[in-house]
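Asks: Quick one, structure for this:
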Amino acid sequence: MNKVEIFNNVQEEIEELDTVKKVLESAMKKEKLENTVFNVIIVDNPYIHQLNKDYRNIDRETDVITFALEDEDTIVLPNEERILGDIYISIDKAKQQAQEYRHSLLRELSFLAVHGFYHLLGYDHETEEEEKIMFTKQEEVLNSYGITREII
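Replies: Residues are numbered from 1 along each chain as shown. Below is the predicted model:
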């Protein structure tokens, strides 16, 4: 059984998170994952700024950071469950980018969550070819759930 846990660590209710969880569950199904677990943690700009500084040596906030456990060779995980890691999303950046790109907060949060999910699976966008593969997968998941780039 697959499991996505979403932790809202900010002092506001974010109604879009229920749908984001369903989108991620559909992404897991699309990728034919079984017994896979990961977390999404919603934080604010100061929190993600500190993570970015501490773990990536980049002294500014960002929209999403992933910590993929499968990237670490020293971690031994139980055989019955695949634990992918954690996705941190800044709600402040998500709101700002939704406004910038003129689409809904649901679209932005879903995009960032699915983007983080594919990073946890080992996908990247360092080259044009990698970017094409990763972004195609992301768009397929979002489009299949009806979350498009409609301008609002």
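Asks: C-alpha from now on. contacts and neighbour counts both.
Replies: OK.
Asks: Contacts only, for the residue sitting nearest the centre point of the chain.
Replies: Centroid-nearest residue in the chain: residue 113, 2.4 Å away (criterion: Cα atoms, centre = their mean). Taking Cα atoms under 8 Å, 6 or more residues apart in numbering, we find residue 113 in contact with 20, 24, 40, 64, 87, 89.
Asks: which one of those sits closest to residue 53?
Replies: residue 64 (13.2 Å; Cα to Cα).
Asks: How much space separates the residue nearest to the closest one when sequence neighbours are not counted from residue 16?
Replies: Excluding the flanking residues, the one nearest residue 64 by Cα to Cα, 6 or more residues apart in numbering is residue 89, at 4.5 Å. Taking Cα to Cα, to the nearest Å as the measure, residue 89 falls 13 Å from residue 16.
Asks: can you check residue 55 too?
Replies: Distance of residue 55 to residue 16, computed by Cα to Cα: 28 Å.
Asks: Would you mind telling me which of these two has more residues around it?
Replies: For residue 55 versus residue 16, the count of surrounding residues by other Cα atoms under 10 Å is larger for residue 16: 14 against 10.
Asks: leaving aside the residues next to it on the chain, what's closest to that one?
Replies: If the residues on either side of it in the chain are set aside, residue 16 comes closest to residue 106, at 5.5 Å by Cα to Cα, 6+ apart.
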